[in-house]
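Novice: Turn this into a structure:
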Amino acid sequence: MGKRLMIGLGMATVVCFTAPVFGAEWTLEAAQEQARAGNPDAQYALGAKFWYGDGVAQDQAEALWWFRLAAEQGQADGAYGLAYGLQTGQGTQRNSVEALRFYEIAAKHGSLDANYALAGMYQTGEGCVKDIGVALRLLRASAERGHGLSQLRLGNILYKGELAPKDWTEASRLYEQAAEQGLADAQYAIGRVYGTGAGRERNLGKAARFLKLAADQGHLEAQFHFACIYYLRSKTVQEGGQAAQYMTLAATRGHREAQYTLGMMYVDGTVVPRNLTEAARWLKLAADQGHVAAGLLYRTLPAAYTRPKEP
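Specialist: Below is the predicted model of the structure:
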């Protein structure tokens, strides 16, 4: 199927969708020849090349023209690509009603991404009458067939009890399935489940494993919470070093709790060498973001470390 561009993925239960599949398995010449001969897979592949500017000048309107030809022959990716353009207004005027129609065609021909997009539209009433029951049915159908984003989204719904009765056990099962597919938000979610024991028996080893997977993909909250686990349980230099490494990553990106905790680590001197200059720097950054405890601790440091340096 080729690579996908992930759009709008987050922990909040918002409408998310993926851009059209990149048609890299076709050469431009073969796609052009076969598309003109009416091959729907080639029509989709040629449209994808125009969509991404692969070997041709990028032209999303031209891409949608080829997607439509493929969709009219029941080609799922073409129908999905056309629906995506219509929903987002890329390459054409936005038209949610038409987007819904082509997502339904794509879903009928097996596209789980289309099922996922349809669920979002029925949840919000975009292009249709709002119907939470239909949205949940579509999500469950995709999740049962292994669609990671559907598993994550349904897990969020069940964990929070927003649109369906709260079910932490089922939510955690869905999170773990999505996490095993490499979704950072799902890895973070199941890591927090194992860390808190809400939906799974508390297991800090599993929590750390999943949080580190998400942290290594750049997930900010995962970096902070992974560092916290290692900070609290560090018994070796290696564990202490990992706590400092990931806490620094989160702090550098502006996470104020991480900045405060890193400041405390430099004051404490058990995980990193005691360094009041570094402590003052991180505590002040957290305090400047409104962290009250960081401001209080900062003011307890000797004046030599907190007063402005002379030029």
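Novice: what's around Y44, how many residues?
Specialist: 31 (other Cβ atoms under 10 Å). Placement of C-beta: from N, CA and C, glycine included.
Novice: so how far is E170 from A286?
Specialist: According to Cβ to Cβ, to the nearest Å, A286 and E170 sit 37 Å apart.
Novice: Which of those two has more residues huddled nearby?
Specialist: Neighbour count, other Cβ under 10 Å: between A286 and E170, A286 has more, with 27 against 16.
Novice: List the contacts of the more buried one.
Specialist: R256, E257, Q259, Y260, G263, A294, G295 (Cβ atoms under 8 Å, 6 or more residues apart in numbering).
Novice: And the host helix or strand of it, what's buried?
Specialist: Element membership of A286 [criterion: DSSP states H and E] is helix 276-288. Within helix 276-288, the residues scored as buried using 16 or more other Cβ atoms under 10 Å are L276, E278, A279, A280, R281, W282, L283, K284, L285, A286, A287.
Novice: now swap in stretch 89-108 and tell me
Specialist: Per 16+ other Cβ under 10 Å, stretch 89-108 contains these buried residues: 90-92, 95-96, 98-107.
Novice: and if you look at stretch 216-230?
Specialist: In stretch 216-230, counting by 16+ other Cβ under 10 Å, buried: H219, L220, E221, A222, Q223, F224, H225, F226, A227, C228, I229, Y230.
Novice: re the thing from before, now the helix holding A286, how far from the centre of its chain.
Specialist: Between the centre of helix 276-288 and the centre of its host chain there is 30 Å, according to Cα atoms, centre = their mean, to the nearest Å.
Novice: Please work out the average pLDDT along that helix.
Specialist: Mean per-residue pLDDT for helix 276-288: 96.
Novice: Show me the contact partners of the helix or strand that it is followed by.
Specialist: Later in the chain than helix 276-288, the nearest helix or strand by DSSP H and E is helix 292-300. Helix 292-300 has contacts (Cβ under 8 Å, 6+ apart) with R256, Q259, Y260, G263, M264, V267, A280, L283, K284, A286, A287, T306.
Novice: what's the helix or strand for the third one?
Specialist: This points to Y260. Counting by DSSP H and E, Y260 is part of helix 256-268.
Novice: Pull that helix out as PDB, backbone CA atoms only.
Specialist: C-alpha atoms of helix 256-268 as PDB (Å, rounded to 0.1, in the frame of the first residue of the first chain):
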ATOM      1  CA  ARG A 256       7.000  22.900  32.900                       C
ATOM      2  CA  GLU A 257       6.600  19.800  35.200                       C
ATOM      3  CA  ALA A 258       9.700  18.400  33.600                       C
ATOM      4  CA  GLN A 259      11.600  21.700  34.100                       C
ATOM      5  CA  TYR A 260      10.500  21.700  37.800                       C
ATOM      6  CA  THR A 261      11.500  18.000  38.300                       C
ATOM      7  CA  LEU A 262      14.800  18.500  36.500                       C
ATOM      8  CA  GLY A 263      15.500  21.500  38.700                       C
ATOM      9  CA  MET A 264      14.800  19.300  41.800                       C
ATOM     10  CA  MET A 265      17.100  16.600  40.400                       C
ATOM     11  CA  TYR A 266      19.900  19.100  40.300                       C
ATOM     12  CA  VAL A 267      19.200  20.300  43.800                       C
ATOM     13  CA  ASP A 268      19.000  16.700  45.100                       C
END
